[in-house]
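> A predicted structure for the sequence below; I have some questions about it.
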Amino acid sequence: MIYTDRKIASVFRAKIQTLEYDSTVSATPLLPSAEPQILPPQASTSDLHLYDTELRKAAKSYKRSLAAIAYYGHRLQLADQWGVFQCEDEEAYRESLDIPRSTWYKHIKIGRVLHNLSIPELEQIPTGNLELLSELEPEQIIAFVADAKRLTYHQLAGVITEFNQQCGKPYEPQTYVRYKVPVSSKNFLEEAVVEFQAKHNLASPGRALELMVADIHDRLNVMGVLLQIRNDLAAAQELLGEREPAVYSLLEQARSRAGEAYTQALSEARKGSGHKSNGNGHGHAAHA
């Protein structure tokens, strides 16, 4: 069946609109003005309960919207008839709905993999568990749908991992690790991970990062030692306080020098100067 009926798009748009705040609840914004001079010193207990109540309503609406994106969006993608809605392609249609790109494609994939589930069934499954199910082979999904409705994200991931191990499969659900780093470090980190991946013929950058961290987990490198020295000196300064000004001053000098050495080592690592420093692929940059 080809889904080109405008009614589908109408229902789909109505579902997406549930992301918006329900104006029937109150005409007054729940949150105070962002102007610092008029912020209340502290929200009352009743205010906090009100915020919690409204956020829980919003969370339920958000979940229903994601299920709608997965269900209706997949069917519209399958039809591939964007011209019916005066849109050049899928990207133009997505933009007309004002849905973030990552949200759209992630949940379209979920809708594609879980196409046999109805919207009510999709709404019963926590968002994180939907993503876990979307990683499985189609024939495995039905076996885990019941678990996905009752288990937490980490519990379901454990069940899936244990099942695969019993079947002799090494697969384990994938997730993301996100850290904020200095802009100047981003390229260095990405290049170091890609280099490690290529050198050891690994399947993905994520696997490379995992093994790089595991490789140095129980061993200190130069930069790790410098950081430890700097932290130890700071702790000694705190203990001394103002009782020993001369010693305090010496510790401050030593801490400053350790900090400068750390900064220099980090700078050299970012430039890649340590990648092949010892000829065996385990230079400082690989462990920074």
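Received it, and whenever you're ready, just let me know what you need. Numbering: from 1, shown residues only.

> CA only for contacts and neighbour counts going forward, please
OK.

> which parts of the strand or helix carrying E54 are buried?
Applying DSSP states H and E as the criterion places E54 in helix 45-79. Applying a neighbour-count criterion of 16 or more other Cα atoms under 10 Å, one finds 58, 61-76 buried in helix 45-79.

> Kindly state the domain boundaries assigned to the chain.
Domain ranges of the chain: 6-22+50-166, 183-287, per automatic domain parsing.

> What is the neighbour count of S184?
Here the number of neighbours of S184 (other Cα atoms under 10 Å) works out to 11.

> pLDDT value on it, please?
pLDDT, S184: 77.

> Tell me which helix or strand comes right after whichever strand or helix holds it.
Element membership of S184 [criterion: DSSP H and E] is helix 183-199. Downstream of helix 183-199, the first helix or strand assigned by DSSP H and E is helix 205-216.

> Tell me the helices and strands packed up against the helix or strand just after that next one.
Sequence-wise, the next helix or strand downstream of helix 205-216 (DSSP H and E) is helix 222-240. Contacts defined by 3 or more Cα pairs under 8 Å, 6 or more residues apart in numbering; DSSP states H and E place helix 222-240 against helix 245-270.

> so the helix it packs on versus helix 222-240, what angle?
160 degrees (axes from the mean of the first three to the mean of the last three Cα atoms, to 10 degrees).

> residues in contact with the residue in the chain sticking out farthest from the centre?
Farthest-out residue of the chain from its mean C-alpha position, per Cα atoms, centre = their mean: A246, at 47.9 Å. By Cα atoms under 8 Å, 6 or more residues apart in numbering, the contact list for A246 is empty.

> Distance check, it against Q253.
For A246, the distance to Q253 equals 11 Å [Cα to Cα, to the nearest Å].

> Then S65?
Distance from S65 to Q253, by Cα to Cα: 58 Å.

> go on, L117?
On the measure of Cα to Cα, L117 and Q253 end up 66 Å apart.

> same question, A148
In terms of Cα to Cα, A148 sits 57 Å off from Q253.

> and if you look at E123?
60 Å.

> For these two, indicate the residue with more neighbours.
A count of neighbours by other Cα under 10 Å puts E123 above the other of E123 and Q253, at 19 against 13.

> so what's that one up against?
For E123, the contact set (Cα under 8 Å, 6+ apart) comprises 63-64, 67.

> can you count the residues close to A148?
Neighbours of A148 (other Cα under 10 Å): 25.

> That one sits in which helix or strand?
Using DSSP H and E, A148 falls within helix 138-150.

> Which secondary structure element of the protein has the lowest mean pLDDT?
helix 284-287 (a mean of 34; mean pLDDT, DSSP states H and E).

> for the helix holding A148, which positions count as buried?
Quick answer for helix 138-150 (16+ other Cα under 10 Å): 141-142, 144-145, 147-149.

> from those, which single one is nearest S185?
Of all the buried residues of helix 138-150, S185 sits closest to A148, with 38.4 Å by Cα to Cα.

> is it true that that closest one touches H154?
No - using Cα atoms under 8 Å, A148 is not in contact with H154, being 10.6 Å away.

> so is the residue positioned nearest the centre of the chain in a helix, a strand, or just coil?
By Cα atoms, centre = their mean, the chain has its centre lying nearest to Y176, at 5.1 Å. Following DSSP: H, G, I helix; E, B strand; the rest coil, we place Y176 in the coil state.
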